[in-house]
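Trainee: 3D model of this:
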Amino acid sequence: MAVARRLLLPAALASACAALHLPPPRAALLQGGEGGRLAGDGRHAANASAAKGHTVSSGLRALGGERGVRHPDDAIPRYHEALLAQLDTWAARPAAQGRYVAVGGSNYPEEWQGSNVLRSECGDDMKSISCKEATLLAEGASRGADWMYVIGEDNYVHTGHVEEFLSDKDPSAAVAYGGVGCGKGKFCRDVKAYEEGGGFCGGQGYIISRAALQLLLADGAPALHAIYDKSAWPNDMTTSCQLRKREVRLASGKSMYSQPFAKIADYEGMAHSDFLSSHYISPPVMRWLHAEVEGAPDSVKMPLKEKAFDNGCAIGMDKPHWAKEWADCQATEGGRKQ
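Mentor: Residues are numbered from 1 along each chain as shown. From the prediction side, this is the model:
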């Protein structure tokens with residue numbers, strides 16, 4: 001009989017830096033190994049070799065859960081607000097089960113820490129998001145996760161669909177799922193598989209198997225950190241390159257959206273589809289979207305909708321680089337008027 005697998009959801013990388021250009025939060029969705037339990041909680045010492053040189057945070061053990069989530073978040077208010085929106089919505093149940101953990105920088109504000117938000121030894125400049133990602137990868141490997149889904153603070157994750165997607169996948173296979181094809185000809189030029197197929201386009205995140213995590217940590221956590229700390233590449237390119245170098249197969253995931261949506265009609269269609277995740281979700285839209293996904297009554301959804309949309313268009317999407325999409329949305333009342 002197949003062993004039931006449990007999901008360790010995304011954890012956040014938090015930053016306390018208030019610079020103009022800050023590394024956005026990231027997350028990881030993990031599905032437990034070893035008979036459904038995650039290692040690293042004091043009951044499965046066998047996985048200590050999975051991430052040599054990495055000590056599982058006492059804060060994670062204190063969660064008492066058999067599953068966990070990892071996601072990077074910045075400690076400036078807008079990133080902290082995004083983290084709280086996740087904890088209020090799709091991450092609420094995983095967090096209550098010990099499956100959601102935010103990992104902050106070394107100066108993460110004490111008042112923002114808690115059972116789901118931890119402080120790391122990483123810095124808070126732009127390059128430090130790579131340090132935080134290396135910490136996430138080591139944490140996932142040390143806890144014996146079957147699967148780890150690395151995402152950002154502005155992603156909405158449909159946890160039920162992710163579990164369903166992974167239900168027939170083999171975590172002992174060296175594979176990772178996401179949007180494949182980015183970075184060809186720009187990064188990892190010495191690896192043929194990368195030159196031919198590219199790496200992960202990080203917006204929708206990527207799901208990494210237990211076998212792939214073990215390959216990444218084969219030389220121990222300090223060695224992995226050394227690679228990430230000296231890389232000037234974006235963290236998703238560094239992770240993709242390391243996966244390619246270890247002959248991990250990068251495969252396309254299912255309905256993992258990286259593009260922005262402005263129209264409420266698009267969000268409604270997505271909410272009732274088989275999507276795994278979506279990117280560029282603001283806190284107000286995240287709260288409304290979760291209510292839509294959960295089938296909440298109109299009395300609950302309407303107040304949330306009023307805070308999330310302007311004339312049927314997602315508030316916060318009226319940016320210069322999305323000007324055309326915003327104008328089209330306004331003209332069609334969120335896609336409901338031709």
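Trainee: for stretch 270-280, buried residues please.
Mentor: Residues 270-271, 275-280 are the ones in stretch 270-280 that count as buried (16 or more other CB atoms under 10 Å). From N, CA and C alone the C-beta is placed, and that goes for glycine too.
Trainee: meant to ask about stretch 230-237, not that
Mentor: If you call a residue buried by 16+ other CB under 10 Å, then stretch 230-237 has these buried ones: 231, 233-237.
Trainee: from the middle of its chain, how far away would stretch 174-184 be?
Mentor: Centroid separation for stretch 174-184 versus its chain: 15 Å, with CA atoms, centre = their mean, to the nearest Å.
Trainee: ends of that stretch, how far apart?
Mentor: Its start and end residues considered, stretch 174-184 measures 21 Å (CA to CA, to the nearest Å).
Trainee: can you list contacts of stretch 265-279?
Mentor: Contact partners of stretch 265-279, identified using CB atoms under 8 Å, 6 or more residues apart in numbering, comprise 149, 151-152, 154-158, 161-162, 165, 203-205, 253-261, 285, 288-289, 292-293, 312, 314, 334-336.
Trainee: follow-up on the earlier one: okay if I get the buried residues of stretch 270-280 as CSV plus pLDDT, secondary structure and distance to Ala212?
Mentor: CSV is the format used below for those (pLDDT from 0 to 100; DSSP: H, G, I helix; E, B strand; the rest coil; distance: CB to CB, whole Å):
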residue, pLDDT, secondary structure, distance to Ala212
Met270, 97, helix, 28
Ala271, 97, helix, 31
Phe275, 97, coil, 23
Leu276, 97, coil, 18
Ser277, 96, strand, 19
Ser278, 96, strand, 24
His279, 95, coil, 22
Tyr280, 95, coil, 27
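Trainee: quick one: distance of the longest helix seen in the chain to the chain centre.
Mentor: In the chain, assigned by DSSP state H, the helix with the most residues is helix 128-142. Relative to its chain's centre, helix 128-142 lies at 12 Å (CA atoms, centre = their mean).
Trainee: mind giving me the packing neighbours of that helix?
Mentor: Packed against helix 128-142 by the contact rule (3 or more CB pairs under 8 Å, 6 or more residues apart in numbering; DSSP states H and E) you find strand 12-14, strand 26-32, strand 69-72, strand 101-104, strand 145-152, helix 210-216, helix 221-230, helix 235-245.
Trainee: center of this protein - which residue?
Mentor: Ile151 (1.6 Å; CA atoms, centre = their mean).
Trainee: distance check, Ala141 against Pro260.
Mentor: Using CB to CB, to the nearest Å, Ala141 is found at 32 Å from Pro260.
Trainee: of the two, who's got more company?
Mentor: Shown here are Ala141 and Pro260; by other CB atoms under 10 Å, Ala141 has more neighbours (30 against 19).
Trainee: noted, bye for now.
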